[in-house]
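I need the structure of the sequence given here:
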Amino acid sequence: MVNILKLFGVVGLLWTTQAFAVTEDCFPFVGEHYKYDVGWEFVNAGTAEIKITKKGANGYKVHNFARTNGFLDLFKRVRDTIVSEGICIDGKMQSTLFTTDQLERKYRAVKRAEFLYKENKVSYTKNGKNKVFDVPSGYLNVIDAFYLTRLNPPTKDHPISIPIFDSEKKYDVAVKLLKKEKIRGLKGKRVECLVIQPELKTEGVFTSVGVIKIWLTNDERRIPLKITAKLKIGRIVVKLTEYSKP
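Reported below is the predicted structural model:
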């Protein structure tokens, strides 16, 4: 289920250097709260929740939590948490921390990536074992990149890529805009969305996940209403059930 949480982050793989440079409001999403239903084929598998809070004078924190429901708990109990932190520097987003606490039945993994941007390094720890990687400042984690994307989505004429660090790897991920499509929103009304597909290169972001598609509302908020991921044994569908912002 930790891969389901990262489905939200993959939207953030849509970033351009130009958009990064001209962003005036670095992170206007503090206070947002989302809830999603997570389904596998025709089975309701569980839920995911996202809360965004302020951290310090110019920082932010995104807390993501996913869990299976009572039925699937009998087969594979999942309680996964991802936390992303960052700051605004001269109007630009900079990731500072990315942590994963993954509990899936008997499997447990705790991961922590500290973005030491002033030193052009990332300190990565998994289950107590630490490694240090050369990562230039400006690299983002997948969750942080999502929110930058909402400010500057891709277009048909401008395919884009983003440099990210995730699971011991730094790489660029290309993303394309497939089409515009209307789907039902929270109030039952049909809402026009941008349908976006990232072209992933490594299982550092997803394991055994094939084609991923994301539906973002085609307005100034660009809220992710729906996310799908095609697996070898079916398809995962994530749908927004609640959204609020003070």
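
how far is the lengthiest strand in the chain from where the chain is centred?
The strand spanning the most residues in the chain, taking DSSP state E as the definition, is strand 169-184. Mean-position distance between strand 169-184 and its chain equals 12 Å (C-alpha atoms, centre = their mean, to the nearest Å).

could you dump it to PDB, C-alpha only?
Written as PDB, here are the backbone C-alpha positions of strand 169-184 (Å, rounded to 0.1, in the frame of the first residue of the first chain):
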ATOM      1  CA  LYS A 169      18.300   6.800  -6.900                       C
ATOM      2  CA  LYS A 170      18.300  10.200  -8.600                       C
ATOM      3  CA  TYR A 171      16.800  10.400 -12.100                       C
ATOM      4  CA  ASP A 172      14.600  12.300 -14.500                       C
ATOM      5  CA  VAL A 173      11.100  11.100 -15.200                       C
ATOM      6  CA  ALA A 174       9.200  12.200 -18.300                       C
ATOM      7  CA  VAL A 175       5.500  12.900 -18.200                       C
ATOM      8  CA  LYS A 176       2.900  13.500 -20.900                       C
ATOM      9  CA  LEU A 177      -0.500  15.000 -21.100                       C
ATOM     10  CA  LEU A 178      -2.800  12.300 -22.600                       C
ATOM     11  CA  LYS A 179      -6.000  14.200 -23.000                       C
ATOM     12  CA  LYS A 180      -8.800  16.200 -21.300                       C
ATOM     13  CA  GLU A 181     -11.700  14.300 -20.000                       C
ATOM     14  CA  LYS A 182     -14.800  14.900 -17.900                       C
ATOM     15  CA  ILE A 183     -15.400  12.600 -14.900                       C
ATOM     16  CA  ARG A 184     -17.700  12.900 -11.900                       C
END
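
okay, buried residues for the next helix or strand after that strand please.
Note on strand 169-184: by DSSP states H and E, the next helix or strand toward the C-terminus is strand 190-199. Counting neighbours by 16 or more other C-beta atoms under 10 Å, one finds that the buried residues in strand 190-199 are 191, 193-198. In this view, the C-beta of every residue, glycine as well, is placed from N, C-alpha and C.
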